[in-house]
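Student: no sequence on this one, just coordinates:
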């Protein structure tokens, strides 16, 4: 069975008398260890799909099944626990806390984990070393370049060893050289066994993935 099964997902938003169909019956199957890019023009529904996949946005209808668990049949607290244990998130805006150091930012997802502070610090250090920032543990975000800040965000997303890494336009604020470095990092994480699902508008990013799913007007129009 696939790690992720997205079955006939529809998502509607109501704005006054208007109904906007952001997703119109999406079916996708993703295997463990795959690197998937989701592409499409602005308004195609790709970020909505990622938020539904990540358990953050209840679909109007349809089902998301992950590792045999039907996400939206879980009560709110159980869904939050499932997200924390199984999913890592990377966003276009790095969402780093400006007054916390790199290692303190990476430790944030471990706040709810039952382990000692030294163990949490060790896990955060390990995650930062994996993304090439082992020498910058105590730097504040404003002391890091944009690419380094994105690496801190990736380290934070992988610190609890999630089964699935979800990324929404992770290179959107980076120059082309830094984008290549970050995409190479995602590919390296994937080669080490990490399942990655990434939303991007940049066709060049698709070259790093195993498969590209193209959305248009809330529907899958291509897979390659």
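Tutor: Arrived safely. Predicted model only: the values in this text are computed from it and were never measured.
Student: ok, what's across the strand from residue 5?
Tutor: residue 29, residue 65 (DSSP bridges).
Student: dump the residue contacts of it.
Tutor: Contacts for residue 5 (Cβ atoms under 8 Å, 6 or more residues apart in numbering) come out as 28, 29, 63, 64, 65, 66. C-beta here means a position set from N, CA and C on the backbone, and glycine is covered the same way.
Student: Write the ChimeraX selection for whichever of these are buried.
Tutor: Entered in ChimeraX, the line below selects the buried ones among the contacts of residue 5, by 16 or more other Cβ atoms under 10 Å:
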select :28,64,65,66
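Student: Please identify which of the contacts of residue 5 is nearest to residue 200.
Tutor: residue 28 (15.7 Å; Cβ to Cβ).
Student: from memory that closest one sits against residue 4, does it?
Tutor: Yes - between residue 28 and residue 4 there is a contact at 7.4 Å, judged by Cβ atoms under 8 Å.
Student: Could you double-check that residue 202 lies in contact with residue 174?
Tutor: No - at 10.2 Å, residue 202 does not count as touching residue 174 under the criterion of Cβ under 8 Å.
Student: which stretches of this protein form helices?
Tutor: 46-53, 76-86, 102-107, 117-130, 146-158, 176-191, 203-206 (DSSP state H).
Student: Need those helices in a markdown table (columns: distance to residue 214, mean pLDDT and mean neighbour count).
Tutor: A markdown table is the format used below for the helices of the chain (distance: least, Cβ to Cβ, whole Å; pLDDT from 0 to 100; neighbours: other Cβ atoms under 10 Å):
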| stretch | distance to residue 214 | mean pLDDT | mean neighbour count |
| --- | --- | --- | --- |
| helix 46-53 | 9 | 94 | 23 |
| helix 76-86 | 26 | 90 | 14 |
| helix 102-107 | 33 | 96 | 23 |
| helix 117-130 | 31 | 94 | 17 |
| helix 146-158 | 25 | 94 | 23 |
| helix 176-191 | 18 | 92 | 17 |
| helix 203-206 | 9 | 90 | 16 |
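Student: Much appreciated, bye for now.
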